[in-house]
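**Q** 3D model of this:
(chains A and B)
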Amino acid sequence: MTGGHTSPVLGVPAGAPAAAPGFDFGAALAGAADAARKGAWRTDRDAAFPADAVAALRRERLLGALVPTSLGGLGLSLADIAAACCALGRACSSTGMVFAMHQIQVACLVAHAGDDQSGDPWHRGFLEEVAGRQLLLASVTSEAGVGGDIRTSRCAVVPAQAAGGPADRGRIRVEKAAPSISYGRYADALLVTARRDPEAEPSDQVLVVARSGDCALDRRGEWDAMGMRGTATEAFHLVLEADAAQVLPTPYGEVASRTMLPVSHLLWASLWVGIAADAVERTRAFLRAAMRGKGGAVPAGATGFAEAVELLQLGQARVQAALGRYALGAGSGDVLQVAGTADVNALKSGISDLCLQVVQRLLHVAGFAGYRNDGEFSLSRHLRDLHSAPLMVHNDRIRDATAKLLLARLPQLGIG
Amino acid sequence: MASAATLDGNDTVATLRSILRTHGRLATPPEALGMDADLFAAGLDSLAIVNVMLGIEEAFDVELPDRLLSRATFSSLRSLDAAVAQMRAGQA
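**A** This is a model prediction of the structure:
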């Protein structure tokens, strides 16, 4: 027996205290997670957007967490955001995913437009608004007819016509058939990829930051899925009109490889670890309950429980290490990110499969108590939510890309 | 594709253009690129670079050392041409 040992910490520990003075990150996160936890069952049962949890995130100023303090945000680190994704994932997967996806968009703007020297005024002003008004940002990268490759667009940025007259200089228009915009209906702004202009190559993409008021969103499909049921990942036909200034100057290819891709994989992995961690705690509670009145005898299934925790510890250590190696906004140097991209790709495909395996083993331990949709030991939502992980982006696609990257360069292997 | 032994300067650049056409995913057709044209501005990204790198290693039968796996090397046809010349001289 392991008497005298402290419980192994599950999840992704937060880093140093927040940069904003007087801000209690732990309390803020606990408040938001509490709201998320209270709404989790209903969010799942009704495929309802977790509005109360998102309201709590706004109240606690967490939507502006990544924005630098100089622009009115909390100035938290990406590691702090990862810890928040994990904590929210323990409470409600859908809330955690909405939060993660929002922070990915904020990260792109902070990394490529938040700088005093190189940032452009419109996007810096927009980041101030994200922090000041706690705007919720959504992503519109996928496109009908393109397949899953987000580095290819059919739609393009075109000059906007002023009501039947000549092209309105300074105004642009994008029309896009978007098969999946997570919480698009509830977002305050959308970050939309499109070809730079009608003559541009499919991979010559830019990112347009459009407010919801700039967009006409015509919903074409509903979201009724196995898991992540509160993410409202609906299909839309999107038409936006905006100022040319709203186009992010940095080419989207650079935004994607330096920021969007690595941050997505790091935050999703942290979220998935959180979901699995909650499943571990429920199964532990199930086993403890099964022990009562049996004189402290270790219940059947304890071996499987130990195995599941082993696996989760492997995974969370991997996520922690990867977070330590990534610096938001860095990497403007000369070195290509071949090994780095392979590393975060492998993180995504590895942790997605691992967390799903953890909960599958836990279900084996918890039996029918875990199989039920209701009750304190239910693992149904966790399992269904984690089934999304190997599919968003499909791990086959990821591993194809990773294999090529690994042939070119290996990430650091070995200890020390 | 011509073997490494028969390639001279002009053929090197032609081969590089061919590799960029197949793997580069550039906004500008490689034939239209000047020797000093910025390949990143033309759309070269991290995944395309890997394909270009593997193409170069295969076409010229060389191995790119770590110090040449940089944005500087892949920034233009001229820098790629110079890198290939360096590697072939080192392996002569």
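
**Q** And the one helix or strand in chain B whose mean pLDDT sits lowest, what does it pack against?
**A** In chain B, the helix or strand scored least confidently by mean pLDDT, DSSP states H and E is helix B:46-60, which has a mean of 88. Using 3 or more C-beta pairs under 8 Å, 6 or more residues apart in numbering or on different chains; DSSP states H and E, the elements in contact with helix B:46-60 are helix A:338-366, helix A:395-408, helix B:9-23, helix B:77-90. For glycine as for every other residue, the C-beta is placed from the backbone atoms N, C-alpha and C.

**Q** Show me what that helix is in contact with.
**A** With contacts defined as C-beta atoms under 8 Å, 6 or more residues apart in numbering or on different chains, helix B:46-60 is touched by A:151, A:203, A:257, A:336-338, A:341, A:401, A:404-405, A:407-408, B:1, B:4, B:7, B:12, B:15-16, B:19-20, B:22-26, B:44, B:62-64, B:69, B:74, B:80, B:84, B:87-88.

**Q** Can you tell me how far the residue nearest to the spatial centre of chain A is from residue A:63?
**A** Centroid check for chain A by C-alpha atoms, centre = their mean gives residue A:100 as the closest residue, at 3.0 Å. Here residue A:100 is placed at a distance of 12 Å from residue A:63 (C-beta to C-beta, to the nearest Å).

**Q** Residue A:218 now?
**A** 26 Å.

**Q** So which of those two has more stuff around it?
**A** The residue with more neighbours, out of residue A:218 and residue A:63, is residue A:63; 25 against 11, by other C-beta atoms under 10 Å in any protein chain shown.

**Q** Which positions in chain B make contact with chain A?
**A** Residues of chain B found near chain A (C-beta under 8 Å from any C-beta of the partner chain) are B:25-27, B:40, B:43, B:45-51, B:53-54, B:69-72, B:74.

**Q** In PyMOL, select just the buried ones from the residues you listed.
**A** To isolate the buried ones among the residues of chain B next to chain A in PyMOL, judged by 16 or more other C-beta atoms under 10 Å in any protein chain shown, type:
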select buried, chain B and resi 25+26+27+40+43+45+46+47+48+49+50+51+53+54+69+70+71+74
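
**Q** What mean pLDDT does the strand or helix carrying the residue nearest to the centre of chain A get?
**A** Using DSSP states H and E, residue A:100 falls within helix A:93-113. Mean per-residue pLDDT for helix A:93-113: 97.

**Q** elements contacting the helix or strand following it?
**A** Going down the chain from helix A:93-113, the next helix or strand is helix A:121-133, by DSSP H and E. With contacts taken as 3+ C-beta pairs under 8 Å, 6+ apart, helix A:121-133 sits against helix A:93-113.

**Q** what about the helix it packs on, distance to the chain center?
**A** 6 Å (C-alpha atoms, centre = their mean, to the nearest Å).

**Q** Check whether residue A:68 really touches residue A:77, as I assumed.
**A** No - if you go by C-beta atoms under 8 Å, residue A:68 and residue A:77 don't touch, sitting 11.0 Å apart.

**Q** between these two, who's got more neighbours?
**A** Neighbour count, other C-beta under 10 Å: between residue A:68 and residue A:77, residue A:68 has more, with 22 against 18.

**Q** Could you report the neighbour count for the closest residue to the more buried one other than its chain neighbours?
**A** The shortest distance from residue A:68 to any non-neighbouring residue, by C-beta to C-beta, 6 or more residues apart in numbering or on different chains, is to residue A:75 (5.2 Å). For residue A:75, the neighbour count with other C-beta under 10 Å is 21.

**Q** And for the one 5 residues further on?
**A** Here the neighbour count serves as a burial measure; for residue A:80 (other C-beta under 10 Å) it reads 24.

**Q** Kindly report the same for the one 5 residues further on.
**A** Residues contacting residue A:85 under the criterion other C-beta under 10 Å number 28.

**Q** What's the separation between it and chain B?
**A** 24 Å (C-beta to the nearest C-beta, to the nearest Å).

**Q** and what of residue A:24?
**A** 39 Å.

**Q** can you list the residues of chain A near chain B?
**A** A:151, A:196, A:200-201, A:203-204, A:251, A:253-254, A:256-257, A:334-338, A:341, A:401, A:404-405, A:407-409.

**Q** do that again at 6 Å, thanks
**A** Within chain A, the positions near chain B by C-beta under 6 Å from any C-beta of the partner chain are A:201, A:203-204, A:253, A:257, A:334-338, A:341, A:404-405, A:408.

**Q** least confident pick among those?
**A** Per-residue pLDDT puts residue A:334 lowest of the residues of chain A next to chain B, at 56.

**Q** Could you find the closest non-adjacent residue to residue A:214?
**A** residue A:242 (4.6 Å).

**Q** again, but for residue A:203
**A** residue B:25 (4.7 Å).

**Q** what about that neighbour, which helix or strand?
**A** Using DSSP H and E, residue B:25 falls outside every helix and strand.

**Q** hang on, it packs against residue A:204?
**A** No - under the criterion of C-beta atoms under 6 Å, residue B:25 is not in contact with residue A:204, lying 8.9 Å apart.

**Q** Got the phi and psi for residue A:158?
**A** For residue A:158, the backbone dihedrals (degrees, to the nearest 10) come out as phi -120, psi 150.

**Q** Tell me, how many residues neighbour it?
**A** Count around residue A:158 with other C-beta under 10 Å applied: 15.

**Q** just residue A:415 next, same as before
**A** Residue A:415: 4 neighbours (other C-beta under 10 Å).

**Q** Could you list every helix and strand that the helix holding residue A:100 packs against?
**A** Judged by 3 or more C-beta pairs under 6 Å, 6 or more residues apart in numbering or on different chains; DSSP states H and E, the packing partners of helix A:93-113 are helix A:78-91, helix A:121-133, strand A:137-140, helix A:261-291.

**Q** and the shortest one, how far from the chain's centre?
**A** Which is strand A:137-140. Taking mean C-alpha positions (C-alpha atoms, centre = their mean), strand A:137-140 and its chain are 11 Å apart.

**Q** Follow the chain on from that strand and name the next helix or strand.
**A** For strand A:137-140, the following helix or strand on the C-terminal side (DSSP H and E) is strand A:158-161.

**Q** which other residues reach the helix or strand following that next one?
**A** Remark: after strand A:158-161, the chain's next helix or strand is strand A:167-181, criterion DSSP H and E. Here strand A:167-181 makes contact (C-beta atoms under 6 Å, 6 or more residues apart in numbering or on different chains) with A:138, A:140, A:142, A:144, A:155, A:157-160, A:162, A:192, A:194, A:208, A:233, A:235-242, A:244.

**Q** Recalculate using a threshold of 8 Å.
**A** A:138-140, A:142-145, A:155-162, A:184, A:187, A:190, A:192, A:194, A:208, A:210, A:217, A:220-221, A:233-247.

**Q** Same question for stretch A:348-360: list its buried residues.
**A** Neighbour count says stretch A:348-360 has A:348-359 buried, by 16+ other C-beta under 10 Å.

**Q** for stretch A:320-338, same thing?
**A** Quick answer for stretch A:320-338 (16+ other C-beta under 10 Å): A:320, A:322-323, A:326, A:328, A:331, A:336-338.

**Q** Touching it from outside, list them.
**A** By C-beta under 8 Å, 6+ apart, stretch A:320-338 touches A:12-13, A:66, A:77-79, A:82, A:107, A:110-112, A:114-115, A:257-259, A:262-263, A:266, A:269-270, A:340, A:343-344, A:347, A:405, A:408-409, B:46, B:49-50, B:53, B:69-72, B:74.
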